[in-house]
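J.: Please work out how this folds:
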Amino acid sequence: MNRPLRIREKNGMIIAGIAGQTSEVFLKQPSSSPYYVREGEEGPTLECTLAQSFRGDNHEVQWIRYTKGLPRTLTRNSKLLEKAHFELVNDATAGQHDLKIKHITRADTSGTYHCTVLNTDDGSQHTTDGSEVIVLGRLRNQTQSL
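T.: Residues are numbered from 1 along each chain as shown. All right, here's what the predicted structure looks like:
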């Protein structure tokens with residue numbers, strides 16, 4: 001099935017992705033196309049909504065950011081571990097575990113993000129495709145004195 005490519009601009013970011021990405025585990029997941037964002041600005045919200053069968057107490061949800069091949073755990077279930085740059089948009093009963101990037105800095109927010117769900121009973125793990133956040137430099141003031 002061909003899905004349309006969706007390109008949009010939001011808060012100064014160019015976001016391109018396949019519309020309606022879903023799986024048997026993830027009802028919503030972040031775009032597999034990169035998010036281009038500007039340093040110092042507000043970033044995107046990366047979606048992660050779990051199917052009903054993955055919402056129980058025996059499932060643990062994490063957001064992980066990889067930078068230069070190294071993982072950094074940002075959230076664990078409903079607990080946000082990196083508060084300076086991120087916000088968890090969470091409704092566990094609806095299976096929503098979205099990660100909002102609040103403040104873009106190259107060092108703290110660029111990288112590849114994955115939402116992961118772990119079944120704590122049998123150890124099975126499911127992960128979204130990587131969603132890359134690419135940080136661009138700040139815009140220069142383009143007005144000139146006359």
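J.: which residues of this protein fall in helices?
T.: 106-109 (DSSP state H).
J.: so where is it shaky, pLDDT-wise?
T.: Along the chain, the parts satisfying pLDDT under 70 run over 1-22, 139-146.
J.: Name the residue closest to the centre of it, please.
T.: Centrality entry for the chain: nearest residue to the mean C-alpha point is residue 46, 2.9 Å, by Cα atoms, centre = their mean.
J.: Could you give the bridge partners of that one?
T.: For residue 46, the beta-bridge partners are residue 99 (DSSP bridges).
J.: I'd say it and residue 101 touch.
T.: Yes: Residue 46 is within contact range of residue 101, at 7.4 Å (criterion: Cβ atoms under 8 Å). From N, CA and C alone the C-beta is placed, and that goes for glycine too.
J.: still on that earlier bit, any idea how far the residue nearest to the centre of the chain is from residue 53?
T.: Counting by Cβ to Cβ, to the nearest Å, the gap between residue 46 and residue 53 amounts to 22 Å.
J.: returning to that earlier point: and the residue nearest to the centre of the chain, what does it touch?
T.: Contact analysis of residue 46 by Cβ atoms under 8 Å, 6 or more residues apart in numbering lists 30, 63, 98, 99, 100, 101, 113, 115, 131.
J.: so how far is residue 126 from it?
T.: Where residue 126 is concerned, residue 46 sits at a distance of 16 Å (Cβ to Cβ).
J.: likewise residue 30?
T.: In terms of Cβ to Cβ, residue 30 sits 14 Å off from residue 126.
J.: Beta-bridge partners for residue 86, please?
T.: Beta-bridge partners, per DSSP bridges, of residue 86: residue 101.
J.: if I read this right, it contacts residue 98, doesn't it?
T.: No: using Cβ under 8 Å as the test, residue 86 is too far from residue 98 to be in contact (10.6 Å).
J.: Distance of residue 122 relative to residue 58?
T.: 9 Å.
J.: And for residue 43?
T.: For residue 43, the distance to residue 58 - Cβ to Cβ - is 32 Å.
J.: residues in contact with residue 125?
T.: Contacts of residue 125 by Cβ under 8 Å, 6+ apart are 116, 117, 118, 119.
J.: again, 10 Å this time
T.: Going by Cβ atoms under 10 Å, 6 or more residues apart in numbering, residue 125 touches 60, 62, 116, 117, 118, 119.
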